[in-house]
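Student: Predicted coordinates and the sequence they were generated for:
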Amino acid sequence: MELHQVLTIAGKECRDRIRNRWVLSVAVVFTVFALAIAYFGGAQQGTVGFRSIEFTIASLVSLVIYLIPLIALLLGFDAIVGERERGSLDLLLALPITRFELLLGKFLGLAAALTASTVAGFGLVAVVLATQISAGALYHYIGFMLSSVLLGLAFLSLAVMLSVFAADRTRASGLAIAAWFFFVLVFDLLVLGALVVTGGRYSGEVFPYLLLLNPADVFRVLNIFSLDDVRTLYGLASIVPPALGNPALMGAVMLAWIVTPLGIASWRFRSS
C-alpha cells in the first residue's frame with residue numbers, strides 16, 4: 001500500500017467538503033444544538049441554565065445518537081457508488097492506485113471532515129462552558145467529544161460499506177436511511193420486544209451484550225455508565241454489568257465497529 005496515494009485521495013475528499021462549506025455548516029449545527037441543550041435542557045423541570053457536566057453530557061448524548069449517525073451516513077453513502085455513476089471510478093482505477101488505497105483514502109478524507117466538524121462544534125461549547133466547569137468535568141467532556149467522533153466514524157464506515165454494495169445512488173441513499181432507522185430507532189424496540197416475549201428471563205445474561213451489536217448503544221453506555229449520578233438515574237447500574245462500563249473495552253468495541261464494515265467494504269470492492 002502506498003501511503004502517499006492514500007493521503008492524496010483523502011486530502012482531495014477533505015478539501016472538497018471544506019470548499020462546499022460542509023464542515024462549517026455541521027459545526028454550526030452542533031454548536032447551536034449543544035448550547036441550547038446545555039442551557040435549556042432542564043426547562044421541563046422548571047430550570048434554565050447550566051446545571052452540571054453530568055446532566056449536560058446525558059442531554060447531549062440524546063442529540064448525538066440521533067444527529068451524528070444521520071450526518072455520517074449521508075456523508076458517505078455515495079463515496080463509491082457516486083464515482084461509479086459519474087463515470088469517474090474507472091478513470092481513478094486506471095491510475096496507479098489499488099482499490100483498497102482508493103477506498104481507504106475516501107474514508108480517511110470523509111473521516112477528517114466529519115471529525116473536524118464534530119470537534120469544532122462541541123469544542124466551541126467547551127470554550128463557552130470553560131469558566132463554569134472544573135478540570136475533572138472538562139476531562140469527562142473531552143471523553144464525550146472523543147466518543148462522539150468514534151460514533152461518527154462507525155456510521156461513516158457503515159455508509160462506505162453500503163456505498164460499495166449498492167448498485168446506484170438511489171439505492172445507496174435508501175440503504176443509508178434504513179440503516180439509520182434500524183440502529184437508532186428500531187434496534188432498541190426489538191430488544192425490548194424480545195425481553196417482553198421472554199418474560200425477562202434472560203435480561204441479566206443476554207441483554208447487556210446485545211447492546212454491543214449497535215454502535216449507538218455502545219456510545220450511550222460508554223458515556224452514561226461512566227457518570228455515577230446519571231447511571232443511577234437511567235437505571236443502568238442494575239442492567240449493565242460493570243465490565244461493560246469499562247471505557248477502554250467499550251472504546252475497543254467502537255473501534256471494531258469502524259474497522260469491520262470497512263474491511264467488508266474492502267473485500268467486496270476488490271472482488272467486484
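Tutor: Ah, there it is.
Student: contacting residues around the helix or strand harbouring residue 4?
Tutor: Residue 4 is located in helix 3-19, with elements delineated by DSSP states H and E. For helix 3-19, the surrounding residues in contact (Cβ atoms under 8 Å, 6 or more residues apart in numbering) are 23-24, 75, 96-97, 101-102, 104-110, 112-113, 116. For the C-beta atoms, the positions are set from N, CA and C on the backbone; glycine is no exception.
Student: contacting residues for the residue nearest to residue 66 when sequence neighbours are not counted?
Tutor: Leaving aside its chain neighbours, residue 66 sits nearest to residue 184 (6.2 Å; criterion: Cβ to Cβ, 6 or more residues apart in numbering). Residue 184 makes contacts with 65-66, 69-70, 216, as judged by Cβ under 8 Å, 6+ apart.
Student: would TSV of those with neighbour count and pLDDT be doable?
Tutor: TSV is the format used below for the contacts of residue 184 (neighbours: other Cβ atoms under 10 Å; pLDDT from 0 to 100):
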residue	neighbour count	pLDDT
65	20	92
66	14	91
69	25	95
70	17	93
216	25	93
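Student: ok, which pair from the residues you listed is furthest apart?
Tutor: 70 and 216 (11.0 Å; Cβ to Cβ).
Student: Run through the stretch 51-200 of the chain and note the low-pLDDT ranges.
Tutor: For the stretch 51-200 of the chain, the stretches with pLDDT under 70 are 51-52, 133, 199-200.
Student: Next, residue 20: phi, psi?
Tutor: For residue 20, the backbone dihedrals (degrees, to the nearest 10) come out as phi -90, psi 10.
Student: can you give me the helices for this structure?
Tutor: With DSSP state H as the criterion, the chain has helices at 3-19, 22-40, 53-76, 81-86, 88-94, 99-129, 135-165, 169-180, 187-197, 207-210, 215-224, 228-234, 247-271.
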